[in-house]
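Chemist: A structural model of the following input is requested.
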Amino acid sequence: MKSISLPKRYVIVMLTFICTCVCYIERVGFSIAYTAAADAAGVDQSSKGMILSTFYYGYACSQVPGGWIAQKIGGRRVLLFSFLLWSLTCAFVPLDPNRVTVLVIARLLVGVAQGFIFPSIHTVLAQWVPPHERSRSISLMTSGMYFGAAAGMLVLPNLVKLRGPQSVFIVEATLGAIWSLLWFMYASDPPRSDLPIKGKQKTKGENGVKTMQNIPWKRIVLSWPIWAIVANNFTFHYALYVLMNWLPTYFEMGLNSSLQEMGSTKMMPYLNMFIFSNIGGVIADHLITRRILTVTNTRKVLNTVGFVIASFALMALPLFRTADGVVLCASVALGFLALGRAGFAVNHMDVAPRYAGIVMGVSNTAGTLAGIVGVDLTGRLLEAAKNARLDLTSPDSWRAVFQIPAWLCIFSSFVFLLLSTGEKIFD
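Modeler: This is a model prediction of the structure:
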């Protein structure tokens with residue numbers, strides 16, 4: 001019998017899926033572990049918000065440099081370096097809420113290392129994946145984030161209860177080391193013969209980094225379609241990071257529900273993102289390959305449907321006073337936000353396939369700034385509510401926390417409708 005051999009690009013896509021999965025296990029894991037340690041040490045909400053948002057300062061600093069370096073030396077090498085760096089940091093840093101300086105430096109370093117990851121992935125996938133497979137490939141890759149978040153929410157609270165918060169860091173470092181070994185063994189730069197191309201052949205250098213011309217920074221910065229991607233990336237990550245970092249606190253303090261006692265229900269919002277992200281990719285590629293809609297209209301429809309429905313779910317979230325009700329709203333909100341990624345998140349490769357890593361770096365910088373603003377602002381809003389003698393179990397203390405990303409979803413969906421395109425605007 002002949003052995004079944006997967007095309008190399010499928011192996012690359014699957015490895016990037018595992019990559020994003022492990023990254024988000026780390027992010028969710030830190031939120032869970034630090035929240036447990038900080039609550040035990042009596043750390044206030046504002047200080048918690050500061051530590052939780054520190055990661056995003058480092059993450060923001062390395063997005064554009066990460067895309068630039070990936071274009072110059074190849075995303076494969078940059079991905080390996082970044083994974084090794086954050087894994088070693090997790091392995092050797094103690095989780096002590098009273099050692100604030102050590103935690104701040106460690107989170108900055110992990111943020112810088114992980115900031116290289118997504119621009120590098122987009123550079124790699126732009127080289128390996130043909131246009132008719134892009135929506136599915138990007139959706140599968142990004143769905144790894146949500147699968148990792150779901151797995152982290154399911155397993156890590158129990159790990160903290162059994163082995164303590166520090167055990168989370170050891171597990172994360174081990175997973176990072178395993179992925180680095182897999183990437184070193186199985187990833188490679190794309191030979192010309194591996195990439196199937198429909199229609200006429202691509203010009204020399206379109207899928208490679210070695211023939212890169214000077215990067216058109218001015219055109220990128222002044223491009224309205226790029227700004228449409230940036231605005232939606234900001235909104236998506238504002239909502240995602242606020243929910244990812246503060247849902248554990250909302251369950252514990254807003255609803256008096258223990259994460260350990262919630263069982264598998266607490267992973268549903270992220271599992272829903274995993275499902276809807278892949279549904280969005282399949283729908284988008286179907287609409288495009290069957291010529292039901294143009295690329296432009298496909299991106300706009302999916303982006304608008306996803307963001308508008310998510311906005312209503314976010315507004316309704318604080319009205320529910322049970323853990324199951326909040327899980328339902330969070331699942332709808334995050335699921336449809338993930339569906340919307342088949343709009344704005346794939347659009348980098350539509351408008352600028354040769355500079356996908358660079359555009360992703362610019363766009364993801366905005367998403368990272370959303371993490372800095374949203375996570376820190378939420379801590380300040382909750383501390384202000386406490387100072388106003390509002391009980392954190394009251395919906396009034398949390399209403400602004402969820403309404404801000406809801407209104408951002410509505411605004412950014414209109415921006416994308418008005419300014420985006422699915423046509424290539426950078427040769």
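
Chemist: and the residue positioned nearest the centre of the chain, what helix or strand is that in?
Modeler: Relative to the mean C-alpha position of the chain, the nearest C-alpha, by C-alpha atoms, centre = their mean, is the one of M145, at 6.0 Å. In this assignment (DSSP states H and E), M145 forms part of helix 134-163.

Chemist: What is the helix or strand just after that helix packed up against?
Modeler: Taking DSSP H and E as the definition, the helix or strand that follows helix 134-163 towards the C-terminus is helix 166-186. Taking 3 or more C-beta pairs under 8 Å, 6 or more residues apart in numbering; DSSP states H and E as the contact definition, the neighbouring helices and strands of helix 166-186 are helix 8-41, helix 75-92, helix 134-163. To be clear about C-beta, it is placed using only N, CA and C from the backbone, and glycine gets the same treatment.

Chemist: Enumerate the positions of the last one that are buried.
Modeler: Think helix 134-163. Going by neighbour count (16 or more other C-beta atoms under 10 Å), the buried part of helix 134-163 is 134-157, 159-160.

Chemist: quick revisit: residues touching the residue nearest to the centre of the chain, list them.
Modeler: With contacts defined as C-beta atoms under 8 Å, 6 or more residues apart in numbering, the neighbours of M145 are T20, C21, C23, Y24, M273.

Chemist: Turn these into JSON lines, columns for pLDDT.
Modeler: As requested, these are exported to JSON lines (pLDDT from 0 to 100):
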{"residue": "T20", "pLDDT": "94"}
{"residue": "C21", "pLDDT": "94"}
{"residue": "C23", "pLDDT": "93"}
{"residue": "Y24", "pLDDT": "91"}
{"residue": "M273", "pLDDT": "89"}
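
Chemist: quick check: mean pLDDT across the helix holding M145?
Modeler: Per-residue pLDDT values over helix 134-163 give a mean of 87.

Chemist: likewise stretch 101-120?
Modeler: 91.

Chemist: Centre of the chain to that stretch, how far?
Modeler: Averaged C-alpha coordinates place stretch 101-120 at 14 Å from its chain's average position (C-alpha atoms, centre = their mean, to the nearest Å).

Chemist: Now it - C-alpha only, CSV.
Modeler: Coordinates of the C-alpha atoms in stretch 101-120 are reproduced here as CSV (Å, rounded to 0.1, in the frame of the first residue of the first chain):
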residue,chain,number,x,y,z
THR,A,101,9.1,44.4,39.0
VAL,A,102,10.0,40.8,38.1
LEU,A,103,6.4,40.1,36.8
VAL,A,104,6.4,43.3,34.7
ILE,A,105,9.7,42.5,33.1
ALA,A,106,8.7,38.9,32.4
ARG,A,107,5.3,39.9,30.9
LEU,A,108,7.0,42.5,28.7
LEU,A,109,9.5,39.9,27.5
VAL,A,110,6.8,37.4,26.8
GLY,A,111,4.8,40.1,25.0
VAL,A,112,7.8,41.1,22.8
ALA,A,113,8.4,37.4,21.9
GLN,A,114,4.8,36.7,21.1
GLY,A,115,4.5,39.9,19.1
PHE,A,116,6.7,38.3,16.4
ILE,A,117,4.4,35.3,16.0
PHE,A,118,1.4,36.5,14.0
PRO,A,119,3.3,38.7,11.5
SER,A,120,5.6,35.7,11.0
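
Chemist: for V28, what are its contacts?
Modeler: The neighbourhood of V28, defined by C-beta under 8 Å, 6+ apart, consists of G148, A149, G152, M153, L156, M244, Y270.

Chemist: mind running it again at 10 Å?
Modeler: By C-beta atoms under 10 Å, 6 or more residues apart in numbering, the contact set of V28 is 145, 148-157, 168, 172, 244-245, 247-248, 267, 270.

Chemist: what does T89 give?
Modeler: 105-113, 169, 172-173, 176.

Chemist: Check V230 too.
Modeler: Taking C-beta under 10 Å, 6+ apart as the definition of contact, the neighbours of V230 are S223, F344, V359, V362, S363, N364, T365, A366, G367, L369, S412, V415.

Chemist: re earlier: would JSON lines of the helices and strands packed on helix 166-186 with distance to L392 be doable?
Modeler: Listed next are the helices and strands packed on helix 166-186 as JSON lines, based on distance: least, C-beta to C-beta, whole Å:
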{"stretch": "helix 8-41", "distance to L392": "12"}
{"stretch": "helix 75-92", "distance to L392": "30"}
{"stretch": "helix 134-163", "distance to L392": "20"}
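
Chemist: These: which one's closest to K218?
Modeler: Proximity to K218, assessed across the helices and strands packed on helix 166-186 by C-beta to C-beta, is greatest for helix 75-92 (24.1 Å).

Chemist: neighbours around the residue lying closest to A177 once chain neighbours are set aside, how many?
Modeler: Distance criterion C-beta to C-beta, 6 or more residues apart in numbering; nearest residue to A177, sequence neighbours excluded, is S87 at 5.4 Å. One way to gauge burial is a neighbour count; for S87, by other C-beta atoms under 10 Å, it gives 23.

Chemist: likewise H132?
Modeler: Other residues lying near H132 total 14 when counted by other C-beta under 10 Å.

Chemist: doesn't T289 make contact with it?
Modeler: Yes. Checked against C-beta atoms under 10 Å, the pair H132 and T289 is within contact range at 5.7 Å.

Chemist: one step back: distance from the helix holding M145 to the middle of the chain?
Modeler: Relative to the centre of its chain, helix 134-163 is centred 11 Å away, using C-alpha atoms, centre = their mean.

Chemist: again with stretch 168-179
Modeler: Centre-to-centre, stretch 168-179 and its host chain are 19 Å apart (C-alpha atoms, centre = their mean).

Chemist: How about stretch 374-391?
Modeler: Its chain's average C-alpha position is 25 Å from that of stretch 374-391, according to C-alpha atoms, centre = their mean.
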